[in-house]
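Task: produce atomic coordinates for the following.
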Amino acid sequence: MRTFLALLALVSIVRAETYELHNLGLGEIYGLNSSGQATGVSNDQAFRWSGNVMTDLSVVLGSQSSKGFGINDSGFVVGIMNDGLGLRSGFVTDGTTFVPSAGFMGEFQFHDINNGGLILGRYNLDLPTQRDFLLQGSMVTDLPEGGVFTSIDASGRVAGVLNGNPVIYDNGTITQLFASNNAYLADIQGDKVVGSDGGMIVLGSGGTSNPINIDPMAIINLPDNTFMTLGPGVANAIDGSLIVGQSNGLGVIFGNGTVTDLNLITSGLGDMVIVSANVTSVGSIGATAIDSLTGDKHAVLLTPVTVQPPAVPEPSTALFGLAVCSIILRRPTR
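Sure thing, here's the model as predicted:
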């Protein structure tokens, strides 16, 4: 009987997933693609991480300082650089070549790029009249004045905030998701968008609503226009069903009504404490960790480690075990 119960226990075991930490060095990760290539800032310069090799992009950019904000699946990095004259401008590079962009009013930056090469950026950084735009090749499309747009998806839809309200921009059409005075949308993927709201949030579907006062919460916009609170904190990125962000000063995963501290499910931490999960792609997570001994920020890449359940014995072996068990149980005692 014990053998039979043990076999049932083996069958009931499910796969469990944890993460392994890869320390890229001092800095932070801001962008991550499906191949595990990453970008961000290290030692005040943009970097491109590929094949376990960190490339300092200042060599290509000729920059005094720089940051990489986004990277698409072709490995093109976008960001902002400061030249030797102290002027800020956006850049696009594949890590080996760099073509400066021109024609923008004032200082400008690029902060996201999709796989079609469509770039989201902002110009007039040095003026009160800052404005976000889309750049495809040499064609510039201004986004609505007064908006702050943060992320672009594969189809070219852009998530952001307009006059305090979370909105989606899609080929000239603005859709307001709900009424707010302190919302922030961080990422958009397909029919989902995540972010936070520190004032009013609308929970509802099909035209119904239930406005409530809440603390800053992570939120998700579902296809049926339903909004779900995920827990206290800020959701920074979404990829499929994986939503990552920050809560109570720690990097977390949001899901199924729970908030999971990444520090509890990540190996190789050492003296590191993961303080924010910034981006995610194909299960991997780009995060920021603090060295608890020195206080330095480190760019870290968390890759999933799937724990396989023990092998279940072949049916013949299992039956043999049961047979032996049965014989032992039936053997008379002396």
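
Every contact and neighbour count from this point should use C-alpha atoms.
Fine.

Number of residues surrounding N43?
14 (other C-alpha atoms under 10 Å).

next one: the one 5 residues further on
Residue crowding around R48 was assessed by other C-alpha under 10 Å; the count is 27.

Does anything pack onto the host helix or strand of it? Which helices or strands?
Following DSSP states H and E, one finds R48 within strand 45-50. Helices and strands touching strand 45-50, by 3 or more C-alpha pairs under 8 Å, 6 or more residues apart in numbering; DSSP states H and E, are strand 38-42, strand 53-56, helix 58-61, strand 65-71.

can the ones you listed go into a markdown table with extra columns for mean neighbour count and mean pLDDT?
Formatted as a markdown table, the helices and strands packed on strand 45-50 follow (neighbours: other C-alpha atoms under 10 Å; pLDDT from 0 to 100):
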| stretch | mean neighbour count | mean pLDDT |
| --- | --- | --- |
| strand 38-42 | 27 | 97 |
| strand 53-56 | 16 | 94 |
| helix 58-61 | 18 | 92 |
| strand 65-71 | 27 | 96 |
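
so which of the ones you listed gets nearest D132?
Proximity to D132 (C-alpha to C-alpha) singles out strand 65-71 among the helices and strands packed on strand 45-50, at 15.0 Å.

Name every strand pairing with that closest one and say which way it goes.
Strand pairing for strand 65-71, determined by DSSP bridges: strand 77-82 (antiparallel).

Now do the strand it pairs with, average pLDDT.
What strand 77-82 shows for mean pLDDT is 94.

Mind checking what helix or strand follows it in sequence?
Sequence-wise, the next helix or strand downstream of strand 77-82 (DSSP H and E) is strand 88-93.

What pairs with the very next helix or strand once past that next one, parallel or antiparallel?
Going down the chain from strand 88-93, the next helix or strand is strand 108-113, by DSSP H and E. If you go by DSSP bridges, strand 108-113 pairs up with strand 119-123 (antiparallel).

mean confidence for the partner strand?
95.

If you count contacts, what does the following helix or strand past it end up packed against?
Sequence-wise, the next helix or strand downstream of strand 119-123 (DSSP H and E) is strand 131-136. With contacts taken as 3+ C-alpha pairs under 8 Å, 6+ apart, strand 131-136 sits against strand 119-123, strand 139-142, strand 147-152.

what sits up against the first one?
By C-alpha atoms under 8 Å, 6 or more residues apart in numbering, the list of residues contacting strand 119-123 from outside reads 90, 104-113, 130-136, 150-152.

repeat that with 10 Å
For strand 119-123, contacts defined as C-alpha atoms under 10 Å, 6 or more residues apart in numbering pick out 70, 78-80, 88-90, 92, 104-114, 129-137, 140-143, 148-152, 156, 158.

where in the stretch 101-250 of the chain is pLDDT low?
Along the stretch 101-250 of the chain, the parts satisfying pLDDT under 70 run over 102-105, 198-218, 220, 222-226.

and with 80 instead?
Within the stretch 101-250 of the chain, the stretches with pLDDT under 80 are 101-106, 126, 178-182, 190, 197-229, 231.

From one end of stretch 39-47 to the other, what's the distance?
The first residue of stretch 39-47 is 5 Å away from its last residue (C-alpha to C-alpha, to the nearest Å).

follow-up on the earlier one: emit the PyMOL select command for whichever of the contacts of strand 119-123 are buried.
Buried subset of the contacts of strand 119-123, written as a PyMOL selection, criterion 16 or more other C-alpha atoms under 10 Å:
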select buried, resi 70+78+79+80+88+89+90+92+107+108+109+110+111+112+113+114+130+131+132+133+134+135+143+148+149+150+151+152+156+158
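
Centre-most residue in this protein?
Centroid-nearest residue in the chain: V279, 2.2 Å away (criterion: C-alpha atoms, centre = their mean).

pretty sure that one is in contact with I238, am I right?
Yes - V279 is in contact with I238 according to C-alpha atoms under 10 Å; the separation is 7.6 Å.

quick one on the thing from earlier: closest one to I290 among the helices and strands packed on strand 45-50?
I290 lies closest to strand 38-42 among the helices and strands packed on strand 45-50, at 13.9 Å (C-alpha to C-alpha).

Direction included, what does that closest one pair up with?
In the sheet, strand 38-42 lines up against strand 28-32 (antiparallel), strand 45-50 (antiparallel) (DSSP bridges).

now for these, which one comes closest to N163?
strand 28-32 (25.5 Å).
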